[in-house]
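Colleague: Fold the following.
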Amino acid sequence: MSITDALVMATFTIPEKIGTDPQSMLWLLPLVAAIAVVYKATKLPEIKAANFLKEAVILSGSIVVFMFVTALILYAIARLVIE
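Modeller: Okay, here's the model as predicted:
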């Protein structure tokens, strides 16, 4: 095993530190896109490029909107409880 291989494998043993600031939340977008692509690949009966891309983008958008609305509701509930 070369030193490069060992260094690459070592990076997977340390968890990635992701903060909770808005810039760090952008890391959710590739995860949402991957989930939408895999879900649509397993659920569509016939995969055509244009239809598949449209469906995956719509699902990604709906996931992001749902997460945003959920975050706003939880923030509002937390503000009510604190005050």
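Colleague: only C-alpha atoms for contact and neighbour calcs from this point on.
Modeller: Noted.
Colleague: ok, longest helix in the chain?
Modeller: In terms of residue count, the longest helix belonging to the chain (DSSP state H) is helix 49-82.
Colleague: mean confidence for it?
Modeller: For helix 49-82, the mean per-residue pLDDT is 93.
Colleague: mean confidence score for the helix or strand harbouring A34?
Modeller: Following DSSP states H and E, one finds A34 within helix 28-43. Across helix 28-43, pLDDT averages out at 92.
Colleague: Numbering from 239 from now on, please.
Modeller: Taking 239 as the first residue, the last one we looked at is helix 266-281.
Colleague: what sits up against that helix?
Modeller: Helix 266-281 is contacted from outside by I285, F290, E293, A294, V295, L297, S298, I301, V302, using Cα atoms under 8 Å, 6 or more residues apart in numbering.
Colleague: Pipe these into TSV and attach neighbour count and distance to I315 per row.
Modeller: Formatted as TSV, the contacts of helix 266-281 follow (neighbours: other Cα atoms under 10 Å; distance: Cα to Cα, whole Å):
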residue	neighbour count	distance to I315
I285	13	42
F290	16	37
E293	17	33
A294	21	32
V295	16	30
L297	19	27
S298	21	26
I301	17	21
V302	16	20
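Colleague: Which of these sits closest to L310?
Modeller: The nearest member of the contacts of helix 266-281 to L310, counting by Cα to Cα, is V302 at 12.4 Å.
Colleague: Tell me who's in contact with that closest one.
Modeller: Contacts for V302 (Cα under 8 Å, 6+ apart) come out as L267, V270.
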